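**Student:** Based on what follows, work out the 3D shape:
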Amino acid sequence: MWRMKDKIRLPVELGEAIRAERKSAQLKATDIAIRSGRARNVLYRLERGEDITVGSLMDILRAMDLTIRLERLGMPTLDEVQRRFAQDEDDAA
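**Tutor:** Below is the predicted model:
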């Protein structure tokens with residue numbers, strides 16, 4: 001499950017982070033859609049880690065009062081590696 005201290009390395013992790021923020025702030029998808037000028041479906045696709053446009057991402061983040069900060073990737077932590085490979089095993093089952 002997403003934890004705010006984790007680095008986002010995959011689209012699905014970005015989606016999980018956005019969903020967690022939305023739920024934490026008790027924001028409804030409909031409200032975000034109205035504020036962002038994007039369809040609810042775009043938000044749902046983002047939350048599932050599916051491809052959306054950069055413009056849509058920025059509009060949704062702005063509507064949620066969020067931003068993105070870039071930093072050097074660095075090596076993944078042991079916890080990140082274990083979670084990543086655990087996801088692969090879950091997908092294969």
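**Student:** quick one, helices of this structure?
**Tutor:** Ranges of helices in the chain, per DSSP state H, are 11-24, 29-36, 40-47, 54-63, 78-92.
**Student:** most packed of these?
**Tutor:** helix 40-47 (a mean of 18; mean count of other CB atoms under 10 Å). Bear in mind the C-beta positions are built from the backbone N, C-alpha and C, glycine included.
**Student:** So what angle separates the directions of it and helix 11-24?
**Tutor:** Orientation note: helix 40-47 sits at an angle of 120 degrees relative to helix 11-24 (axes from the mean of the first three to the mean of the last three CA atoms, to 10 degrees).
**Student:** can you pull the contacts of the closest residue in space to residue 71 that isn't next to it in sequence?
**Tutor:** The shortest distance from residue 71 to any non-neighbouring residue, by CB to CB, 6 or more residues apart in numbering, is to residue 7 (8.0 Å). If you count contacts by CB atoms under 8 Å, 6 or more residues apart in numbering, residue 7 has them with 71, 73, 74, 76, 80.
**Student:** Distance of the last one relative to residue 28?
**Tutor:** For residue 80, the distance to residue 28 under the criterion CB to CB, to the nearest Å works out to 31 Å.
**Student:** Same question for the first one.
**Tutor:** Separation of residue 71 from residue 28 (CB to CB): 31 Å.
**Student:** same check, this time on residue 7
**Tutor:** 28 Å.
**Student:** Residue 21 now?
**Tutor:** Distance from residue 21 to residue 28, by CB to CB: 13 Å.
**Student:** Now do stretch 42-57: distance from first to last residue.
**Tutor:** 9 Å (CA to CA, to the nearest Å).
**Student:** how far is that stretch from where the chain is centred?
**Tutor:** Centroid displacement of stretch 42-57 relative to its chain, using CA atoms, centre = their mean, to the nearest Å, is 9 Å.
**Student:** residues near the residue nearest to residue 10 when sequence neighbours are not counted, how many?
**Tutor:** Counting by CB to CB, 6+ apart, the nearest residue to residue 10 once its immediate chain neighbours are dropped is residue 49, at 7.0 Å. Other residues lying near residue 49 total 16 when counted by other CB atoms under 10 Å.
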